[in-house]
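Enquirer: model the structure of this input:
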Amino acid sequence: MKIDQNNPATWPTKGNFFLLHHQGPLLEWTNDIWERVEYILTDKPKYERKKRLREIRPVFGRLPEPLIQAGAACEKAAAAYLMARAAYAKARAAYDEAWAAYDEAWAAYAKARAAYAKARAAYAKAWAAYAKARAAYAKAAAAYAKAWAAYDEAWAAYAKTDAAYAKARAAYASQLEALHRAECPNSKWNGYTIFGDTS
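Expert: Predicted coordinates:
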């Protein structure tokens, strides 16, 4: 199917798009344009929807190479950040589960200790469960710390590439504005928003 800028059904699912958000930036990368469209249709005020959707357009012209490279680096860092965040969430869940088991084993140990004279066997069994839970807790805590460090590192890398991407957008702002005017002559974008004067 031939791509038609005025026919969203022919658009690519991911890529560089103009005005995904009403206050910019003018150019943004998306991995799923339809996710953004769905969000606008379900979460934005009805009186804004038509105008927002009219402004969103895929970029067909050639972008400056440094801007493309900065965007690619930002996308890669964002993907690494999301992976690290998922690993962190998984480690946190394991940590919480191990802590609950540890806490439960400690309660059982305390109860058995109170009945030590009467239930020495129960005390020994509870101590073994406590030791096992403590080991699982220590392992989960180490994994949690490692995932946190990776998450922190990925966030720092993402923040750095995002700043570089923003800097590249600023450096090529006039070219982007010209490209946008050429490709979207009916756009209401005024450099800050699609909703008119912001003064």
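Enquirer: and residue 194, that's in a strand?
Expert: No. Per DSSP: H, G, I helix; E, B strand; the rest coil, residue 194 lies outside any strand segment and is coil.
Enquirer: distance of the residue nearest to the spatial centre of the chain relative to residue 158?
Expert: For the chain, the residue nearest the mean C-alpha position is residue 82 (5.4 Å; C-alpha atoms, centre = their mean). According to C-beta to C-beta, to the nearest Å, residue 82 and residue 158 sit 9 Å apart. Every C-beta, even on glycine, is put in place using the N, C-alpha and C of the backbone.
Enquirer: doesn't the residue nearest to the centre of the chain belong to a helix?
Expert: Yes. According to three-state DSSP, residue 82 belongs to a helix.
Enquirer: make 267 the starting number, not 1.
Expert: Right, with 267 as the first residue, what we last looked at is residue 348.
Enquirer: now the helices for the chain?
Expert: In the chain, the segments counted as helices under DSSP state H are 299-309, 312-321, 331-380, 386-437, 439-449.
Enquirer: dump those helices to a markdown table, plus distance to residue 460.
Expert: Rendered in a markdown table, the data for the helices of the chain read as follows (distance: least, C-beta to C-beta, whole Å):
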| stretch | distance to residue 460 |
| --- | --- |
| helix 299-309 | 12 |
| helix 312-321 | 5 |
| helix 331-380 | 21 |
| helix 386-437 | 17 |
| helix 439-449 | 11 |
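Enquirer: nearest to residue 279, out of those?
Expert: Closest to residue 279 of those, according to C-beta to C-beta: helix 299-309, at 6.0 Å.
Enquirer: any chance of the backbone angles for residue 279?
Expert: phi -70, psi -40 (degrees, to the nearest 10).
Enquirer: state the distance from it to residue 308.
Expert: Residue 279 sits 19 Å away from residue 308, going by C-beta to C-beta.
Enquirer: go on, residue 412?
Expert: In terms of C-beta to C-beta, residue 412 sits 38 Å off from residue 308.
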